[in-house]
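In: Compute the structure for the input listed below.
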Amino acid sequence: MESVMKRASFPDAVRTVLWAMIGIRKRSAHDEASIRPAHLIVMAVIFVIMFILTLRFIVGVIVS
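Out: Predicted coordinates:
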């Protein structure tokens, strides 16, 4: 009998991506996740903006 995959909510998607970034996620958790592509796109844009702002802050602190 096939198991029904539950759609991940946005906080689940964020948690999944953050755990994956540091590399301590179980393979079974990866296989069970059903993340919506729209959530991934939104998270990618948010993380890129946060990364750029962090770099600007670090450079601003060093230069001043």
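
In: name the helices or strands packed onto the longest helix anywhere in the chain?
Out: In the chain, taking DSSP state H as the definition, the longest helix is helix 37-63. Using 3 or more CB pairs under 8 Å, 6 or more residues apart in numbering; DSSP states H and E, the elements in contact with helix 37-63 are helix 10-22. C-beta: built from backbone N, CA, C; applies to glycine.

In: still on that earlier bit, list the buried residues for the longest helix of the chain?
Out: For helix 37-63, the neighbour count (16 or more other CB atoms under 10 Å) marks His39, Met43 as buried.

In: and that helix with helix 10-22, angle?
Out: Calculated by axes from the mean of the first three to the mean of the last three CA atoms, to 10 degrees, helix 37-63 forms an angle of 60 degrees with helix 10-22.

In: From the chain's centroid, how far away is helix 37-63?
Out: 12 Å (CA atoms, centre = their mean, to the nearest Å).
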